[in-house]
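Chemist: Next come a sequence and a model predicted from it.
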Amino acid sequence: MTARIEVAAAVIERPDGTFLMASRPAGKVYAGWWEFPGGKVEPGEAPRHALERELREELGITVRRAYPWLTCDYDYAHARVRLYFFRVTDWSGEPHPHEGQGMAWVHAERPGVEPILPANGPILRALSLPLTYGISAATELGVEVFLRRLENALTRGLRLVQLREKAMPAKLLAALAREVAARCRAHGARLLINDDPVLAARLEAGIHLPAARLMRLKLKPDLPWVGASCHDAAELEQAQALGVDFVVLGAVLPTASHPGANPLGWERFRELAARRSLPVYALGGLAPTDLDTARQAGAHGIALKRGLWT
């Protein structure tokens, strides 16, 4: 079997949420198809260095900040490729096509360009996930306090929420879930229910799988979004095999809820998250100010409980 062609690919993103896509120029395979800018990694070259070189040659920009993100394998009829995706958030120069390619600033959920190369399609879904994943704390705070703080967070831009109240009686949880779902819909936020596929389906929400349930499953649940909790490499491999939409990985730092546990630390988190094909949120002992550190370690973003509501 032929070796994979390694490619560095850039999600060049602006503060308004748009990112750059380019069409392949005439004379190349899949000419006219749209993709993320980038190019081949040369022998002995690190993917990050290839990214900087390709963007300088292809678009005339100099990368100032780029976060490692997803690594995806794809088999085309003509080649087997491995794509190293980076999220580029700061650069100098104005992107300009140097190789005759078309360019467009697009949104993940409505790109408005077609056709898009098959290897890039799943990346658009991952890009629609926000950088912060909020985990509920109604039991600790009290329902009314939590709902007020949820409303404040949604108003400020929170767009991904997990309802996780393991100690709450079923009847109270169902009532809370209806209220949380209504508030999330009003703000255009996605809601996932922890470990209850029946309630998730009733609310047309997603589901978040605890690690124990994740490891027992043979098929991904048929719900709009599926997240999962992971703590080690085996659980991450299972999540990838099932094709879940994203995972949370931790605990990264010491937490008040698990005072005796050994946290992963950022270096071990980096090792586990590296070269995964699905978005990984860092979890455990984090605050909003840890977002940049998490992204430098390969995280898609951060999952917060106490750090979000206090």
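Modeler: Everything's here; your move.

Chemist: Please, which helix or strand holds E267?
Modeler: Following DSSP states H and E, the helix or strand that holds E267 is helix 265-273.

Chemist: The helix or strand following that helix pairs with which strands, parallel or anti?
Modeler: Read in the C-terminal direction, the helix or strand following helix 265-273 is strand 280-283, with elements assigned using DSSP H and E. Applying DSSP bridges to the sheet, strand 280-283 is found paired with strand 246-250 (parallel), strand 301-304 (parallel).

Chemist: Distance to A31 and mean pLDDT added to the ones you listed, as JSON lines?
Modeler: Any C-beta I mention is one placed from the backbone N, CA and C, and that applies to glycine too. Listed next are the strands paired with strand 280-283 as JSON lines, based on distance: least, CB to CB, whole Å; pLDDT from 0 to 100:
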{"stretch": "strand 246-250", "distance to A31": "33", "mean pLDDT": "97"}
{"stretch": "strand 301-304", "distance to A31": "35", "mean pLDDT": "98"}
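
Chemist: Rebuild those strands as JSON lines, extending it with distance to T71 and mean neighbour count.
Modeler: Written out in JSON lines, the entries for the strands paired with strand 280-283 read as follows (distance: least, CB to CB, whole Å; neighbours: other CB atoms under 10 Å):
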{"stretch": "strand 246-250", "distance to T71": "15", "mean neighbour count": "26"}
{"stretch": "strand 301-304", "distance to T71": "17", "mean neighbour count": "26"}
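
Chemist: Adding distance to L173, write the ones you listed out as a markdown table.
Modeler: As requested, the strands paired with strand 280-283 are exported to a markdown table (distance: least, CB to CB, whole Å):
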| stretch | distance to L173 |
| --- | --- |
| strand 246-250 | 20 |
| strand 301-304 | 20 |
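
Chemist: Go ahead and confirm A294 touches A282.
Modeler: Yes - the pair A294 / A282 is scored as a contact, 4.1 Å apart, by CB atoms under 8 Å.

Chemist: Looking at those two, which one has more neighbours?
Modeler: Under the neighbour definition other CB atoms under 10 Å, A294 and A282 were set side by side, and A282 has more, 31 against 25.

Chemist: need the contact list for the more buried one.
Modeler: For A282, the set of contacting residues under the criterion of CB atoms under 8 Å, 6 or more residues apart in numbering consists of 248-250, 252, 269, 273, 290, 294, 297, 299, 301-303.

Chemist: ok, of these, which one's closest to A234?
Modeler: Distance to A234 across the contacts of A282 (CB to CB) is lowest for L249, with 12.4 Å.

Chemist: from what I can see that closest one touches P279, true?
Modeler: No - with contacts defined as CB under 8 Å, L249 does not count as touching P279, sitting 10.4 Å away.

Chemist: where does the residue nearest the centre of the chain fall, phi/psi-wise?
Modeler: The geometric centre of the chain, computed from its C-alpha atoms, lies nearest to P279 (CA atoms, centre = their mean), at 3.4 Å. Listed backbone geometry of P279 is phi -60, psi 140, with angles given as degrees, to the nearest 10.

Chemist: Let me see the contact set for it.
Modeler: Applying CB under 8 Å, 6+ apart to P279 gives the contacts 69-70, 126, 129, 245-247, 300-301.

Chemist: Quick check: closest non-adjacent residue to it.
Modeler: H300 (3.5 Å; CB to CB, 6 or more residues apart in numbering).

Chemist: residues in contact with the one you found?
Modeler: H300 sits in contact with 69, 126, 129, 131, 246, 279-281, where contact means CB under 8 Å, 6+ apart.

Chemist: try it again with 6 Å
Modeler: The neighbourhood of H300, defined by CB atoms under 6 Å, 6 or more residues apart in numbering, consists of 279-281.

Chemist: do Y74 as well
Modeler: Under the criterion of CB under 6 Å, 6+ apart, the contact list for Y74 reads 81, 119.

Chemist: V161 now?
Modeler: Applying CB under 6 Å, 6+ apart, the residues contacting V161 are 134, 184, 189, 191.

Chemist: go again using 7 Å as the cut-off
Modeler: Counting by CB atoms under 7 Å, 6 or more residues apart in numbering, V161 makes contact with 134, 136, 180, 184, 189, 191.

Chemist: three-state assignment of it?
Modeler: When the structure is split into helix, strand and coil by DSSP: H, G, I helix; E, B strand; the rest coil, V161 lands in strand.

Chemist: any idea how far R65 is from the closest residue in space to E57 that isn't next to it in sequence?
Modeler: Using CB to CB, 6+ apart and skipping residues adjacent in sequence, the residue nearest E57 is H98, 6.7 Å away. Going from H98 to R65 by CB to CB, to the nearest Å gives 22 Å.
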